[in-house]
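Student: Give the three-dimensional model of this entry:
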Amino acid sequence: MITPSFLKPGDKVAIVSPSRFWEKNAATVAFIAWAQQQGWEVLLAPHLGSVFNQFGGTDEQRLKDIQWALENPEIKAVFSARGGYGAVRLLNELSKLDFVAVPKWWVGFSDFTVIHTLLQNQGLASIHAPMPMQWNLNDDMQSINAAKLASVLSGDAIQWNVDLENSDFLQPFHGKLIGGNLSIIYALSAAHKFDLNHGDVLLIEDLDEYLYHIDRMIQSLKISGAFTKLRALVVGSMSDMHDNVIPFGQTAHEIILSAVQEYQIPVIFNAPIGHQSVNYAVKLGMNCTFDGQVFKQA
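Tutor: Residues are numbered from 1 along each chain as shown. Below you'll find the model as predicted:
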């Protein structure tokens, strides 16, 4: 796996919006100020702020912005402004680009899982982390999330304590961390664009889904044989789940556990990752370890 160069003061970083349209609100102003405090120069993609229905410009405009960021050798990291929906519409054209030729950090989560998966398939590490839209000054955890992201981009190691009480089958493990948003993984798997290898550690998280649909996605992964390959499963936040008038009968965590328990793979629940106030940066495509108490990445 190719690891881009870590950032240093004076480097240029860019903001693109491959999914939903971007608005320059207080959160993104705060993000730009934070990036400048790290000593980085912030560049905005040429079509950033464009609106085409719910998208951040037409498919062609969003594709051109990603290509612009990729081909500029002075840009050392690219941040997705926000999630939403739309990146999958670019996947075929993005797959034609050589991201490895000009390695740089691509940073985001949620719908950005589309691009994370493409980068992993090309052999390039990336960072699953908060996006400018999440730079909410009223969020008590934002300063911690931001500090951890700056630390990762500077080359520091990652570690955080695992919620041992609410996790299951826990034993030390080591493997390559891949994944991201469960709904995107489900969609990409159907399109044969998401591949698991034996010994991988799969990260999943999701937002605003019905519990029966969480079950559908997890059952699809099970039927595909995904859980026979995994070394471990890391479950981030499953936020704002919905149910029907007739209850599904299981929480998101119970759905996941009931599907994977026969394989007795380690399952870390409540990882500090995803659509919640606690959203720590992790490096996808790179190895991670769990020593029985602490999750780590070099």
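
Student: number of nearby residues for residue 213?
Tutor: Applying other C-beta atoms under 10 Å, we find 16 residues neighbouring residue 213. Using the backbone N, CA and C atoms, a C-beta is placed for each residue, glycine as well.

Student: Can you show me the helices along this protein?
Tutor: Per DSSP state H, the chain carries helices over the ranges 26-37, 59-71, 91-94, 113-122, 142-153, 182-190, 211-223, 226-229, 252-260.

Student: Name the surrounding residues that touch the first one.
Tutor: Right, helix 26-37. Contacts with helix 26-37, where a contact means C-beta atoms under 8 Å, 6 or more residues apart in numbering, come from 13, 15, 22, 42, 79, 81, 132-137, 146, 150.

Student: taking the mean pLDDT, what do you get for that helix?
Tutor: Averaging pLDDT along helix 26-37 gives 95.

Student: Identify, out of the helices of the chain, the most deeply packed stretch.
Tutor: helix 113-122 (a mean of 24; mean count of other C-beta atoms under 10 Å).

Student: Alpha carbons of that one, as CSV, please.
Tutor: This file holds the C-alpha atoms of helix 113-122, laid out as CSV (Å, rounded to 0.1, in the frame of the first residue of the first chain):
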residue,chain,number,x,y,z
THR,A,113,-16.4,5.9,0.9
VAL,A,114,-16.8,5.6,-2.9
ILE,A,115,-13.5,7.3,-3.4
HIS,A,116,-11.8,5.6,-0.4
THR,A,117,-12.7,2.3,-2.1
LEU,A,118,-11.3,3.4,-5.4
LEU,A,119,-8.1,4.5,-3.8
GLN,A,120,-7.8,1.2,-1.9
ASN,A,121,-8.3,-0.7,-5.2
GLN,A,122,-5.5,1.3,-6.7
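
Student: Tell me the most packed of the contacts of helix 26-37, by neighbour count.
Tutor: residue 81 (28 neighbours).

Student: Do I have it right that it meets residue 132?
Tutor: Yes: between residue 81 and residue 132 there is a contact under C-beta atoms under 8 Å: 5.2 Å.

Student: Could you name every residue contacting both of those two?
Tutor: Residues within reach of residue 81 and of residue 132 at once, by C-beta under 8 Å, 6+ apart, are 15, 22, 28.

Student: could those go into a markdown table alongside distance to residue 267?
Tutor: A markdown table is the format used below for the shared contacts of residue 81 and residue 132 (distance: C-beta to C-beta, whole Å):
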| residue | distance to residue 267 |
| --- | --- |
| 15 | 35 |
| 22 | 35 |
| 28 | 35 |
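
Student: ok, so of those, who is nearest residue 223?
Tutor: residue 22 (37.4 Å; C-beta to C-beta).

Student: The closest one and residue 56, how far apart?
Tutor: 5 Å (C-beta to C-beta, to the nearest Å).

Student: Mind listing the shared neighbours of those two?
Tutor: Counting by C-beta under 8 Å, 6+ apart, the common neighbours of residue 22 and residue 56 are 48, 49, 81.

Student: show me where the stretch 151-298 of the chain has strands.
Tutor: 158-161, 173-181, 201-207, 232-239, 267-268, 282-284, 287-290, 294-297 (DSSP state E, counting those that start in this stretch).

Student: Summarise which helices and strands the shortest one is packed against.
Tutor: To tie it back to what came earlier, the one meant is strand 267-268. Secondary-structure packing of strand 267-268 (3 or more C-beta pairs under 8 Å, 6 or more residues apart in numbering; DSSP states H and E): strand 232-239, helix 252-260.

Student: Apply 6 Å and report the result again.
Tutor: Packing partners of strand 267-268 (3 or more C-beta pairs under 6 Å, 6 or more residues apart in numbering; DSSP states H and E): none among the helices and strands.

Student: just use 639 as the starting number from now, easier for me
Tutor: Fine by me, first position is 639 from now on; the one you just mentioned is strand 905-906.
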